[in-house]
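Trainee: coordinates only, sequence not included:
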């Protein structure tokens with residue numbers, strides 16, 4: 001599991017790399033990397049600076065069956081939702097708007 005406990009990380013590219021490799025992630029809700037997290041599917045977000053919530057989240061992901069499921073989902077979600085073609089079209093649509 002990758003933990004990103006930043007309160008203002010803009011993108012958190014390490015999270016993208018981890019998810020693409022099948023590593024579930026736990027990220028703070030104010031991090032830009034929270035965009036890539038589908039709670040309970042490929043990781044979790046937690047309320048920034050809430051240490052007790054972070055501890056509960058870590059404990060909930062620590063089960064082997066949960067990790068295996070999330071690992072598979074992490075790869076799938078990144079491949080389906082954030083692939084080069086989709087992101088390229090999204091970028092093109094964004095810059096093409098007048």
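Mentor: Good, I have the coordinates. None of the values given here were measured: they were computed from a predicted structure. Numbers count the residues shown, from 1 in each chain.

Trainee: would you check that residue 11 makes contact with residue 36?
Mentor: No: counting by CB atoms under 8 Å, residue 11 stays clear of residue 36, with 9.4 Å between them. Every residue, glycine included, has its C-beta placed from N, CA and C.

Trainee: center of the protein - which residue?
Mentor: Nearest to the mean C-alpha position of the chain, by CA atoms, centre = their mean, lies residue 37 at 3.2 Å.

Trainee: how many neighbouring residues does the nearest residue to that residue once chain neighbours are set aside have?
Mentor: In space, and not counting its chain neighbours, residue 37 is closest to residue 43: 4.8 Å by CB to CB, 6 or more residues apart in numbering. Neighbour count of residue 43, defined by other CB atoms under 10 Å: 29.

Trainee: what's the pLDDT at residue 43?
Mentor: What the model reports as pLDDT for residue 43 is 96.

Trainee: give me the beta-bridge partners of it?
Mentor: On the basis of DSSP bridges, residue 43 is bridged to residue 25, residue 39.

Trainee: quick one, what contacts it?
Mentor: 1-2, 19, 24-27, 37, 61, 70, 74 (CB atoms under 8 Å, 6 or more residues apart in numbering).
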